[in-house]
Each structure stands twice: as structure tokens, then as C-alpha cells.
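# coordinates for the following, if possible.
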Amino acid sequence: MRKKALFIVSILMVMDLLLIIIKVSDNSYALKDDNNEKSTTKEIAKKEYEVKTAEEVDNNKTDNVDMVSLDIPNDAVSVVNSEYRIPDNLLSDLNNTIASYGSGSSFLVVNLNNGMSFGYNIDNAYASGSTIKATYALYVYKLIAAKKASLDDTMSYQAKYYNKGTGLIKNSAYGTLYSVKDLLYNMIHESDNVAYLMLLDKYKWDGFNDMLDDMGAVELHLSNTSRWGKLSCRSSAIIWQEIYRFSKTSQEGAELFDLFLNAKYNYFKEILPDVSSASKSGFTEMVVHDTGIVMDEKNPYIIIILSNTGGSMNNAYAHVKNMFSKIAPIMQDYNNYQ
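Predicted coordinates for the structure are as follows:
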């Protein structure tokens, strides 16, 4: 009888042990499911965050500024897309600077936060000079972002690319290899003409012109007979709006924008040395320009200043700086107005 009781107890203990094992196994399985569920939720949350970020960029007010339809009258400094009015003393200083310059000039300012804009003769066309390099760099970086080009691709410097203008590559021995990354850096930082001509030879202009058509900046078209193109304040502002948007939506765009922030020939920094600015200037015997974005902490803004030299590059260079020295206080006043 006692043996029978011990046998029954043993059976019960084994059954209890089996129940515990099964329960632990079930809990272990549930824990795995929980981990999988948490992992999946985390991935979904990450995707939702990325989508939300993309939506925020897409809805950024800079994309809502219709540069193509921007309605600023010629021959008068006019503010649009805002009730702000330039104070009389600041407007007088700006108008006097424009009037005192004997050769043609134009400018355009566009607030990237809300579209407030003002300018003068924004559709007058000028030879682009080296400002074309900003647009072409945008095109090449877009190709890289689309996996249609690589920063690691190389080109050989040849005699056919020689240009006596700005830059350092012209001093290299023929046959020297440069990566696309090296060429882009030199084209923007040093405003290297040879780097531009090498990249232009590699990637041509058909796709470049298509990009311009999509943005509404057709006057910048390049061809076999026009390697430098023309631009107006409007078309240049369209380009910089896209450069800014591109910098917010891709690693390639951010890298490109960093090149502009560190460009060697930046006239804006001479007036606002303590404010970061992205710039691509251009100068020839015919024109002196500076184009870019002033990264004001409150209101970053596109700034385009174009001028004919009238035979004197020094006068044109001084005029571009003088113009910006009159525009910067207006933007500071606008910050206070807000």
C-alpha cells in the first residue's frame, strides 16, 4: 500500500514537472514573439518617423515659394509675399547704390521660411560666369544620388581641358588622374575651370538641360556652342531653392551644400563674416556675380546679386559688395519686424 502511495506521488510530481516545463516553454515562446513584435514595431516606428521627416521637408515653406511666377516689377525695388515694407532710410541707401552704378545690375532676396521676397530687375539676363558650376554640381550630385554616377569614378587631365582661368588643376601634368569627388571639390572650392570642363565632358548636357526644364530655369541651357550659359536672378534663385531642398533630403545634397558653405570665393562673408553662407560666385571681364544662401538663424534667405562690369571688374566687385552691405541691414530689420 505504501509502495502504491509513493508511486502515485511520483506520478503526480512528474506531471507537475511536465506542466512547469510546458509553461516555461510557452512563456519562452511568448517572449520570442514579444521580442519579434517589439522589433517589428520598432522598424515600423522608424519608417513612420522617416516618412514624417520626408513629409516635413516636402511641406517646408521653401518648396511653396513659386519662383517661376514670382511677380516683382522691373526698375523698382519691390517687396512681395509679405506686408513688410522696407524703411525709407534703408530703401534710399539701396536705391542710391543701384543708381550710382553706371553698369547694369540686378538682385533678388527670398526668405526661405515664408517666401517674403524683394528684388530689382530679376529677369535681366547675364553671362553666367562661374555661377554655372553650382548648377552643374547639383546635376552631378543628383546623378550620384540616383546611382548613375560615382564619386570614385576617375578622369585623366588632358590638354583639351586646359583653361587659363581660376583653379589649380591646370598646373597638373597631363595624364594626372582625378576622382569625380576631387573634381567637384575643386570646381566649387577653387572655382576650378578645368574641373568644370572635365565634368562637363564626362556627363554632357542633355540630362542637365532636362533637369533645368523640370525646374523652370531654361535660360541656363548648355550646348556644344554654349558651355557656360546665361542666368537671371530668377533662374539662379530657382537653382538655389533646389540646392537647399536637396540638402535636406539626401546625404549627397548635404555633402554638396557643405562644399558651398566652404567655397573660397564668397563675397557675402566679407560683409557678414560671423554668419554662415553658402555661395558660388562668378567673375569674368564682362560680369561679377555672387549667388547663394545666407544661413541667418531666424530667416535663412537666398541672395542673388548680378552685375555687368562695364569694363571694370574692380568696380563691379565693389558694387556687388556694396549691394549686399545695403541688403543685409534690410534683412536684419525684417527679423526685428517679425
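# name the helices or strands packed onto the host helix or strand of residue 319?
Applying DSSP states H and E as the criterion places residue 319 in helix 313-337. Judged by 3 or more CB pairs under 8 Å, 6 or more residues apart in numbering; DSSP states H and E, helix 313-337 is in contact with helix 88-100, strand 105-111, helix 268-271, strand 277-283, strand 287-294, strand 301-308. C-beta here means a position set from N, CA and C on the backbone, and glycine is covered the same way.
# what sits up against the shortest one?
With contacts defined as CB atoms under 8 Å, 6 or more residues apart in numbering, helix 268-271 is touched by 277, 279, 290, 292, 294, 303, 321, 324, 325, 328.
# report the buried members of these.
277, 279, 290, 292, 294, 303, 321, 324, 328 (16 or more other CB atoms under 10 Å).
# save these as CSV, and put in distance to residue 202 and pLDDT too.
Listed next are the buried ones among the contacts of helix 268-271 as CSV, based on distance: CB to CB, whole Å; pLDDT from 0 to 100:
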residue, distance to residue 202, pLDDT
277, 29, 98
279, 25, 98
290, 27, 97
292, 25, 98
294, 32, 98
303, 31, 98
321, 35, 96
324, 34, 97
328, 38, 97
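# out of the residues you listed, flag the one nearest to residue 247.
residue 292 (12.3 Å; CB to CB).
# and the closest residue to that closest one other than its chain neighbours, what does it touch?
The shortest distance from residue 292 to any non-neighbouring residue, by CB to CB, 6 or more residues apart in numbering, is to residue 279 (3.7 Å). Contacts for residue 279 (CB under 8 Å, 6+ apart) come out as 260, 263, 265, 266, 267, 268, 269, 290, 291, 292.
# turn the helices and strands packed on helix 313-337 into JSON lines, including distance to residue 125.
Conversion of the helices and strands packed on helix 313-337 to JSON lines gives the following (distance: least, CB to CB, whole Å):
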{"stretch": "helix 88-100", "distance to residue 125": "18"}
{"stretch": "strand 105-111", "distance to residue 125": "9"}
{"stretch": "helix 268-271", "distance to residue 125": "23"}
{"stretch": "strand 277-283", "distance to residue 125": "14"}
{"stretch": "strand 287-294", "distance to residue 125": "11"}
{"stretch": "strand 301-308", "distance to residue 125": "9"}
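# closest to residue 152 out of those?
So among the helices and strands packed on helix 313-337, strand 277-283 is nearest, using CB to CB, at 24.1 Å.
# in that closest one, what counts as buried?
Applying a neighbour-count criterion of 16+ other CB under 10 Å, one finds 277, 278, 279, 280, 281, 282, 283 buried in strand 277-283.
# dump those residues to JSON lines, plus distance to residue 315.
Listed next are those as JSON lines, based on distance: CB to CB, whole Å:
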{"residue": "277", "distance to residue 315": "23"}
{"residue": "278", "distance to residue 315": "26"}
{"residue": "279", "distance to residue 315": "21"}
{"residue": "280", "distance to residue 315": "21"}
{"residue": "281", "distance to residue 315": "16"}
{"residue": "282", "distance to residue 315": "16"}
{"residue": "283", "distance to residue 315": "12"}
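# quickly name whichever of the residues you listed is closest to residue 124.
Distances from residue 124 to the buried residues of strand 277-283, taken by CB to CB, are shortest for residue 282, at 15.4 Å.
# grab the nearest non-local neighbour of the closest one.
Closest to residue 282 by CB to CB, 6+ apart is residue 129, at 2.9 Å.
# what about that neighbour, distance to residue 293?
Here residue 129 is placed at a distance of 19 Å from residue 293 (CB to CB, to the nearest Å).
# please apply the same query to residue 146.
Separation of residue 146 from residue 293 (CB to CB): 24 Å.
# where does the prediction get shaky in the stretch 201-338 of the chain?
Counting by pLDDT under 70, the stretch 201-338 of the chain contains no low-confidence segment.
# put the alpha carbons of stretch 111-125 into PDB.
The C-alpha coordinates for stretch 111-125 follow below in PDB (Å, rounded to 0.1, in the frame of the first residue of the first chain):
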ATOM      1  CA  ASN A 111      13.200  84.300 -47.400                       C
ATOM      2  CA  LEU A 112      13.300  80.500 -47.200                       C
ATOM      3  CA  ASN A 113      10.900  80.400 -44.200                       C
ATOM      4  CA  ASN A 114       8.000  82.200 -45.600                       C
ATOM      5  CA  GLY A 115       8.700  83.400 -49.200                       C
ATOM      6  CA  MET A 116       9.000  87.200 -48.400                       C
ATOM      7  CA  SER A 117      10.900  88.500 -51.400                       C
ATOM      8  CA  PHE A 118      12.300  91.700 -52.800                       C
ATOM      9  CA  GLY A 119      14.400  92.500 -55.800                       C
ATOM     10  CA  TYR A 120      15.300  94.600 -58.800                       C
ATOM     11  CA  ASN A 121      15.300  93.700 -62.500                       C
ATOM     12  CA  ILE A 122      15.200  90.000 -61.600                       C
ATOM     13  CA  ASP A 123      14.700  88.800 -65.200                       C
ATOM     14  CA  ASN A 124      17.600  90.600 -66.800                       C
ATOM     15  CA  ALA A 125      19.900  88.000 -68.300                       C
END
